[in-house]
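**Student:** sequence unavailable; structure follows:
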Ligand code: GLN
């Protein structure tokens with residue numbers, strides 16, 4: 001009897017967690033519960049669903065309760081389980097970095113439409129965060145070499161850890177700098193960036209999960225949102241070779257302004273806006289002129 005009391009059925013924990021998360025109004029309560037519980041048990045989601053009649057001890061139960069409570073307070077699942085998938089690969093994340101978004105995969109697809117797998121090229125990723133962009137390019141293009149920057153040393157610790165997982169530390173160099181001031185001019189074939197582009201004025205309307213848990217400086221670009229782009233674009237002009245390519249993430253609210261800035265600059269050509277899978281403006285492409 002005593003022994004029985006100390007063990008709890010997974011089925012019961014899952015339905016308890018689901019109820020708690022549903023009542024707390026978090027996004028995807030069922031999926032969140034399954035991901036958190038399977039993470040705590042160190043098994044896959046499928047394994048969890050196949051072993052719902054198994055029981056666990058009180059220690060594990062207490063651990064799960066604590067993680068579910070964090071989720072109920074709005075903490076994103078990726079920060080609780082410490083990982084997020086991007087372009088088919090898993091990335092370690094913590095609250096020093098933005099959680100990689102599926103929209104950003106459009107940026108990778110754009111690079112894949114331009115370069116062939118075997119091409120040699122040198123790229124710069126400005127504001128690398130978890131390193132998801134630079135590392136994905138490094139993995140998809142085995143002859144590429146990249147420099148990835150971030151103003152936050154804590155973000156670079158995360159990016160370096162991910163680069164080590166994917167064995168890229170010999171082809172990726174990390175530099176802690178605001179934009180990338182210390183870099184030699186006219187040396188890159190490609191500049192990539194997913195800069196902060198949320199307007200401060202729109203910040204209060206973001207979900208609690210983003211507002212309260214993700215790094216503010218990785219999200220907000222200024223009062224309107226587009227303020228980071230002029231310096232990013234001017235800087236990219238300096239470090240790109242002639243004919244070099246700029247591929248940066250945007251959203252619909254900043255697209256017009258950023259495109260206007262690029263066209264006024266008159267030093268860029270082939271300026272294009274590329275849409276993501278849900279049909280929204282997501283990537284800006286341009287070639288550096290003379
Ligand atoms: N490069 C990272 C990403 O795309 C981080 C971007 C950022 O911090 N603004 O998710």
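**Tutor:** Ah, there it is. Quick caveat: nothing in here was measured; it's all calculated off a predicted structure. Numbers count the residues shown, from 1 in each chain.
**Student:** so what's residue 263 up against?
**Tutor:** residue 271 (Cβ atoms under 8 Å, 6 or more residues apart in numbering). C-beta here means a position set from N, CA and C on the backbone, and glycine is covered the same way.
**Student:** same question, the one 3 residues further on
**Tutor:** Taking Cβ under 8 Å, 6+ apart as the definition of contact, the neighbours of residue 266 are residue 289.
**Student:** which residues touch the residue of the chain found nearest the ligand?
**Tutor:** Nearest to the ligand in the chain, going by Cβ to the nearest ligand atom, is residue 129, at a distance of 2.6 Å. By Cβ under 8 Å, 6+ apart, the contact set of residue 129 is 97-98, 100, 150, 155, 158-159, 194, 218.
**Student:** just the closest of the residues you listed to residue 134, please.
**Tutor:** residue 159 (7.2 Å; Cβ to Cβ).
**Student:** quick check: closest non-adjacent residue to that closest one.
**Tutor:** residue 131 (3.1 Å; Cβ to Cβ, 6 or more residues apart in numbering).
**Student:** would you confirm that the one you found contacts residue 157?
**Tutor:** No - applying Cβ atoms under 8 Å, one finds residue 131 not in contact with residue 157, separated by 10.2 Å.
**Student:** compare the two (neighbour count), which wins?
**Tutor:** residue 131 (31 against 15; other Cβ atoms under 10 Å).
**Student:** next, count neighbours for residue 52.
**Tutor:** 13.
**Student:** these two touch, right, it and residue 13?
**Tutor:** No - assessed by Cβ under 8 Å, residue 52 is found out of contact with residue 13, at 9.3 Å.
**Student:** can you list the residues of the stretch 1-150 of the chain near the ligand?
**Tutor:** With the criterion set to Cβ under 6 Å from any ligand atom, the stretch 1-150 of the chain comes near the ligand through 98, 100, 104, 127-129, 132-133.
**Student:** would you mind listing the two of those that lie farthest apart?
**Tutor:** Farthest pair in these, by Cβ to Cβ: 100 and 127, 12.6 Å.
**Student:** those two - which one has more neighbours?
**Tutor:** A count of neighbours by other Cβ under 10 Å puts residue 127 above the other of residue 100 and residue 127, at 26 against 23.
**Student:** can you give me the distance of that one to residue 264?
**Tutor:** 23 Å (Cβ to Cβ, to the nearest Å).
**Student:** now do residue 221
**Tutor:** Residue 221 is 19 Å from residue 264, by Cβ to Cβ.
**Student:** so between these two, which is more surrounded?
**Tutor:** residue 221 (20 against 9).
**Student:** each with direction, which strands does the host helix or strand of the more buried one pair with?
**Tutor:** Here residue 221 sits within strand 220-222, counting by DSSP states H and E. Applying DSSP bridges, strand 220-222 is found paired with strand 198-199 (parallel).
**Student:** ok, residues contacting the very next helix or strand once past the strand it pairs with?
**Tutor:** Moving toward the C-terminus from strand 198-199, the next helix or strand (DSSP H and E) is helix 208-213. With contact meaning Cβ under 8 Å, 6+ apart, helix 208-213 is reached by 26-27, 74-76, 79, 95, 203-204, 219.
**Student:** now list the buried members of these.
**Tutor:** Buried by 16 or more other Cβ atoms under 10 Å: 26, 74-76, 79, 219, out of the contacts of helix 208-213.
**Student:** quick check: mean pLDDT of the top strand by length along the chain?
**Tutor:** Assignment by DSSP state E gives strand 240-249 as the longest strand of the chain. Averaged over strand 240-249, pLDDT sits at 97.
**Student:** what angle sits between the following helix or strand past it and strand 240-249?
**Tutor:** Using DSSP H and E, the helix or strand that follows strand 240-249 in sequence is helix 252-265. Interaxial angle, helix 252-265 versus strand 240-249 (axes from the mean of the first three to the mean of the last three Cα atoms, to 10 degrees): 160 degrees.
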